[in-house]
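Q: model this:
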Amino acid sequence: MASSDRVAAALPTVERQLAADHESVQEEGITKLKQLALQCEVLPAVLPLLPRLVELLRSASSAVRTASAAAVAAIALTPEGQAVLERQENLLLNLVASVAEGWSSPAAQPAACSLMNIAASQSGKAAIRSAEGLKALMTIVEECVAPLEKELVQARRTSVMAASSDGQRSSVSSSSSSNPKAATCSCALGVLMNLLGDAQSCNAMEQSGLAAVLEKLQMMAPVDEALAHRATYIMSKIDPTSREPIATF
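A: A predicted model of the protein is given here:
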């Protein structure tokens, strides 16, 4: 069966699942939609289902919200998908709402990832700013500092123990893919990096207290190197006088 035929055969089932009352069935349909969306040529076929996906971003079920945000992130991987998502009514507001739930919400990370991809275009940057996404992103980044500082302390302890047993200094770094807090913060920082290309957003970051937060996150390389590098990059743009810190143990 040709790819287009397989998609045509799958879409009615996905549509029924998205419209179902049971959250487990909705989640299954969202997962199938995500899989279809990862096939670039399928994007036009799934467009009629996007309004329902936008609605499910505000589901009472955390699992449904998380799955919906992940599906949006998959669609946002291509410029074509990003352009389509920008035009979806209430989509950005719902993604920003998911980010505003805080770093402990499983929906926050895929929502931030979606915003990061949408912010790749100039129109996407402006749309996220209009949806008041900047405030939610800076807030969640700030919220991540305290739990990540605890992990930094643990990483240093582990490093000292490793150094004692091995007779040499050792660094411990966990990837954001296995660290939910770091992954959420890293995605939020990725959106802020893209928003640097929007003059109004950049000015807002400069005038906020973000620099103090970034200064702390720059020290997080033992917890997550990518996160620390993103913090350093943003810091260099909003505070050119800053210097990259040297993390020590």
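
Q: show me where the protein dips below the pLDDT cut-off.
A: Scanning the chain for pLDDT under 70 picks out 1-4, 40-41, 155-178, 242-249.

Q: give the other helices and strands that the helix or strand where C187 lies contacts.
A: Per DSSP states H and E, C187 falls inside helix 180-195. Counting contacts by 3 or more C-beta pairs under 8 Å, 6 or more residues apart in numbering; DSSP states H and E, helix 180-195 is packed against helix 108-118, helix 122-130, helix 133-166, helix 199-207, helix 210-217, helix 225-238. C-beta: built from backbone N, CA, C; applies to glycine.

Q: redo these as a markdown table? Include distance to V64 and mean neighbour count.
A: As requested, these are exported to a markdown table (distance: least, C-beta to C-beta, whole Å; neighbours: other C-beta atoms under 10 Å):
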| stretch | distance to V64 | mean neighbour count |
| --- | --- | --- |
| helix 108-118 | 12 | 28 |
| helix 122-130 | 23 | 18 |
| helix 133-166 | 20 | 18 |
| helix 199-207 | 30 | 15 |
| helix 210-217 | 31 | 20 |
| helix 225-238 | 28 | 21 |
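
Q: same list (these) but as a markdown table, adding distance to R58.
A: Formatted as a markdown table, the helices and strands packed on helix 180-195 follow (distance: least, C-beta to C-beta, whole Å):
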| stretch | distance to R58 |
| --- | --- |
| helix 108-118 | 11 |
| helix 122-130 | 18 |
| helix 133-166 | 15 |
| helix 199-207 | 25 |
| helix 210-217 | 28 |
| helix 225-238 | 28 |
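
Q: out of the ones you listed, which comes closest to C185?
A: Distance to C185, taken as C-beta to C-beta, is lowest for helix 133-166 among those, at 3.8 Å.

Q: Q109 against T184, yeah?
A: Yes: here Q109 lies in contact with T184, judged by C-beta atoms under 8 Å, at a distance of 4.3 Å.

Q: so what sits against both of those two?
A: Taking C-beta atoms under 8 Å, 6 or more residues apart in numbering as the contact rule, Q109 and T184 have no neighbour in common.

Q: ok now stretch 185-205, how far from the chain's centre?
A: 13 Å (C-alpha atoms, centre = their mean, to the nearest Å).

Q: tally of neighbours for the nearest residue to V141 once chain neighbours are set aside?
A: Distances taken as C-beta to C-beta, 6 or more residues apart in numbering place A188 nearest to V141, at 5.0 Å, with adjacent residues excluded. The tally of other residues near A188 (other C-beta atoms under 10 Å) stands at 31.
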